[in-house]
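Novice: Sequence and predicted structure, then a few things I'm wondering about:
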Amino acid sequence: MGKDSKKTSKTDAMRELRERACAQQAGEASAKKASRPLSTPNQAPSDGPNNQDERRTRQSSEHGGARKGAGRPSSGNDTLKVRLPASVVARLDAYANERGVTRSKAAAILVEEALDGEGV
C-alpha cells in the first residue's frame, strides 16, 4: 500500500462519516416534524422560523436586535446631502475655521442666514 491508497482510504472514511452525520441529522429533523403538534386550519404553527413574532422575540432577546433605547439617539435634525464645487467647499471650510465650528454647522448657519435674509 502506497501513499495514494492511504489517501483514498482516508477520503473514503471521511466521506462515510459525513454520510452518517447527514443521515443522522435527517432522522432527527423528521422526528421533530413528527412530534410537532398539528395546527388548526385558521391558525399558523407557533414554532419554527416562519412565525415573525417569535423571530423578533428571539432576535431581541438573544442578539440585541431592536430593543427599546438601542442605537444612537436622534439629534432631531434632518440630514441633507449636497454636492458643492471644490471652490465653495474651500470657502465653507475657511468660514468654519474662522468661527471654530464644523463644516456641517457652518453650512447650517449660512443656509439659515440666507433664508432669513430672503424672508422665508
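Specialist: Happy to help now that I have it. On a predicted model such as this, the values are computed, not experimentally measured, just so you know.
Novice: all strands for this structure, in order.
Specialist: Taking DSSP state E as the criterion, the chain carries no strands.
Novice: okay, and for it, where does confidence drop off?
Specialist: 1-7, 29-65 (pLDDT under 70).
Novice: Helices of that one, start to end?
Specialist: Using DSSP state H, the helices found in the chain span residues 3-35, 52-63, 86-99, 103-118.
Novice: Packing partners of the third one?
Specialist: With contacts defined as 3 or more CB pairs under 8 Å, 6 or more residues apart in numbering; DSSP states H and E, the packing partners of helix 86-99 are helix 103-118. In this view, the C-beta of every residue, glycine as well, is placed from N, C-alpha and C.
Novice: for the last one, same thing?
Specialist: In terms of contact count using 3+ CB pairs under 8 Å, 6+ apart, helix 103-118 is assigned the packing partners helix 86-99.
Novice: Residues contacting the helix it packs on, please?
Specialist: For helix 86-99, contacts defined as CB atoms under 8 Å, 6 or more residues apart in numbering pick out Leu84, Thr102, Arg103, Lys105, Ala106, Ala107, Ile109, Leu110.
Novice: Burial check on the fourth one, number of neighbours?
Specialist: Translated: Lys105. Here the number of neighbours of Lys105 (other CB atoms under 10 Å) works out to 12.
Novice: again, but for Ala106
Specialist: 20.
Novice: could you list every residue that touches it?
Specialist: Leu92, Asp93, Tyr95, Ala96, Arg99.
Novice: so which of these comes closest to Thr8?
Specialist: Of all the contacts of Ala106, Thr8 sits closest to Asp93, with 69.0 Å by CB to CB.
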